[in-house]
Structure formats: C-alpha cells, structure tokens
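J.: missing the sequence, but the structure's below:
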C-alpha cells in the first residue's frame, strides 16, 4: 500500500487547530460556569420568594383569625398570595361605592401587605448584594398588586351610572385598588386592575347563594425579578 508523507510545514500549520479547539472548549466551560452561577443565584432568590409568599399567606390567615375578621379568604396559588373579599353588601347595588365594612377590611389587608418583607426587600441587608447583582444584569425586583372585580350575571339596574357588568366589575376593582394604594408604600405603577364581569364565576349563577359567592373582589400579591 502506498504511503503519503506530508511535508513537516503542513503538519505545523495544522497544530493551531488543536490550540483553537482547546480555547473554544475553555470558553464554553467558562460560560457554562457563569450561567450556572447566575442561575443558582436566581433560583435561590425565587426559592426565598416562594418561602416568603408561603409565610405571608400564613401571616394573613393568623391575622384574620386573631382579629376575627369575616368575609376574607386567603390562599396561596400559582399567582401568589390570593386574597378574596366576599361579604354581603360590599358595595351599593349596581355601584362601586364601598360600605364601612369593606373599608375596614381593606385597611386590615393594607396593613398586613405593607408589613411584608417582599415589599421592602432592598432594605434587608442580606439581599442588598443580590439585588445589586441582578440590577447589573438588567433585572429589577418588582412587587405587583392586582385587583380583580367579579359580578354575578344579574343585569345592571336601570338608572345605574354603569352600562354593564364589565364596567361595574372594573369600577369596583378600581375602588379597592385606590384604597390599597393610599395605604401601601409602593409606586403607583405596581398596581393594576381587571374587571371580569360575570365571566369567571366560582359556581353557577343559578341561585341567590351562588350569585353571592360569585360577587367578589380578588387581591393578588406577587413578587418577581423582571427585565428593566
């Protein structure tokens, strides 16, 4: 079999490929390590967020029980801390004017929310360094308070200032949002509202009791790292 002997200079020319390959491997390894470190820090913060949300949910429940406050239910779900206000006559019929009980309930809710660690995370020394790191990466710590209004399927009474249940549910959500906004130390842009009318019922609107259950306001508190 015939053998081919390549000139020595050709072999030398190919040796740069080995060095180049080593360099690429090192760069890939470096970037993987950097991504792993950053992902680890993000995971650590998100784990802390979930722990705080769980802890805060329990705080809410204990507060409501200790103060013997009725008409408020607090649970944690995939959206965050889910607070449901559901009491008789929260608003005037067909209107968004709150009654005294609702105003009192909102004061209690605002006091608890304003005391949560997630509201003032940048004031906690152990997390200042992490927040600075994330901000350099274009991420910012944001707390969101979303207020959702829900009605039953009864049509708006004649003479109401609102044309339909869409407008009514949004107006009621806005009333609650403003009450919270005045008492919670957060920028205005962290608050939002949604009006769902009768289209997200908990149960069928086929009885007086069920319609009462569906007439509610949901307050959802959540926190996360978002792009700036």
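T.: In hand now; what should we look at? Predicted, not measured: the structure shown is a model, and the values here were computed from it.
J.: so which helix or strand takes in residue 199?
T.: Following DSSP states H and E, there is no helix or strand that holds residue 199.
J.: Now do the phi/psi pair for it.
T.: phi -90, psi 10 (degrees, to the nearest 10).
J.: count of residues packed around it?
T.: 12 (other Cβ atoms under 10 Å). Placement of C-beta: from N, CA and C, glycine included.
J.: Can you give me the pLDDT of it?
T.: Predicted confidence (pLDDT) for residue 199: 96.
J.: what does the one 5 residues further on give?
T.: What the model reports for residue 204 is a pLDDT of 95.
J.: can you check residue 164 too?
T.: Confidence for residue 164, expressed as pLDDT, is 95.
J.: host element of residue 171?
T.: Element membership of residue 171, judged by DSSP H and E, is helix 165-181.
J.: Can you list the helices and strands that that helix packs against?
T.: helix 100-114, strand 139-150, strand 191-195, strand 216-227 (3 or more Cβ pairs under 8 Å, 6 or more residues apart in numbering; DSSP states H and E).
J.: counting contacts, what elements does the longest one pack onto?
T.: Under the contact criterion of 3+ Cβ pairs under 8 Å, 6+ apart, the helices and strands touching helix 100-114 comprise helix 8-66, strand 72-77, strand 80-85, helix 165-181.
J.: before we move on, the earlier item: could you list the residues in contact with the helix holding residue 171?
T.: For helix 165-181, the surrounding residues in contact (Cβ atoms under 8 Å, 6 or more residues apart in numbering) are 85, 90-91, 94-98, 102-103, 106-107, 109-110, 113, 145, 147-151, 153, 155-156, 160, 162, 188, 191-198, 217, 219.
J.: State the number of residues packed around residue 133.
T.: Neighbour tally, residue 133, other Cβ under 10 Å: 14.
J.: tell me the phi and psi of it?
T.: Torsion angles, degrees, to the nearest 10, at residue 133: phi -60, psi -50.
J.: Roughly how far does it sit from residue 45?
T.: Using Cβ to Cβ, to the nearest Å, residue 133 is found at 10 Å from residue 45.
J.: Right, I'll leave it there.
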